[in-house]
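Colleague: just the structure for this:
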Amino acid sequence: MKELLVILKNSPYRTECSKLALNLAITFATFDQKISILIIGDGCFQLHPDQNTEHSHHRNHLKTLKSLSLYDIENIYIESASLENSGIDSDNIDEKFTIITNDCAKKLITDADHIFGF
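Modeller: Numbers count the residues shown, from 1 in each chain. So this is what the prediction gives:
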């Protein structure tokens, strides 16, 4: 089975990129593909605990990320320097997510058969 890596690198609500990335990951998972997600750069803002999308047409990306295990997407990685730069406290990160170093993120990218960056 091919290793697919979806990289979330954009802020969640500025464009549709993050929404498309999450939809793509879910679509691949429904076809029993092995999916990993790597969150880097501004993508870390999807992890902000106080997202309020009640009065917008967007879904709360953090809730979506937390529910990916329903689709057997278990490997969600956050690059540590990006998380620190976003100002989000690592203590607020859900235990479903794994915080990794930049070197580990590079290895994930190198080891993936297909990479989809959003």
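Colleague: can you pull the buried residues of the helix or strand hosting Glu84?
Modeller: Element membership of Glu84 [criterion: DSSP states H and E] is helix 80-86. The neighbour-count check on helix 80-86 (16 or more other CB atoms under 10 Å) flags Ser80, Ser82, Leu83, Ser86 as buried. Any C-beta I mention is one placed from the backbone N, CA and C, and that applies to glycine too.
Colleague: and the contacts of it?
Modeller: Identification of contacts with helix 80-86 by CB atoms under 8 Å, 6 or more residues apart in numbering yields 39-45, 47-48, 90, 93, 99-102.
Colleague: mark which of those residues are part of helices, please.
Modeller: The helices, defined by DSSP state H, take in Asn102 from the contacts of helix 80-86.
Colleague: need the helices for this structure, in chain order.
Modeller: Going by DSSP H, the chain shows helices at 17-30, 61-67, 80-86, 102-111.
Colleague: include mean pLDDT and distance to Ile73 when you put those helices into JSON lines, please.
Modeller: Output for the helices of the chain, formatted as JSON lines (pLDDT from 0 to 100; distance: least, CB to CB, whole Å):
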{"stretch": "helix 17-30", "mean pLDDT": "94", "distance to Ile73": "5"}
{"stretch": "helix 61-67", "mean pLDDT": "90", "distance to Ile73": "9"}
{"stretch": "helix 80-86", "mean pLDDT": "96", "distance to Ile73": "19"}
{"stretch": "helix 102-111", "mean pLDDT": "98", "distance to Ile73": "14"}
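Colleague: so which of those comes closest to Gly117?
Modeller: Closest to Gly117 of the helices of the chain is helix 17-30 (CB to CB; 8.2 Å).
Colleague: so which elements touch the closest one?
Modeller: Secondary-structure packing of helix 17-30 (3 or more CB pairs under 8 Å, 6 or more residues apart in numbering; DSSP states H and E): strand 3-8, strand 34-39, helix 61-67.
Colleague: quick one: mean pLDDT for the first one?
Modeller: Think strand 3-8. For strand 3-8, the mean per-residue pLDDT is 97.
Colleague: how about that strand as PDB, C-alpha atoms only?
Modeller: Presented in PDB, the C-alpha positions along strand 3-8 are these (Å, rounded to 0.1, in the frame of the first residue of the first chain):
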ATOM      1  CA  GLU A   3       2.100   6.000   1.800                       C
ATOM      2  CA  LEU A   4       0.100   9.200   1.200                       C
ATOM      3  CA  LEU A   5       1.100  12.400   3.100                       C
ATOM      4  CA  VAL A   6      -1.200  15.400   3.200                       C
ATOM      5  CA  ILE A   7       0.600  18.600   4.300                       C
ATOM      6  CA  LEU A   8      -1.500  21.300   5.900                       C
END
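Colleague: many thanks, we can stop here.
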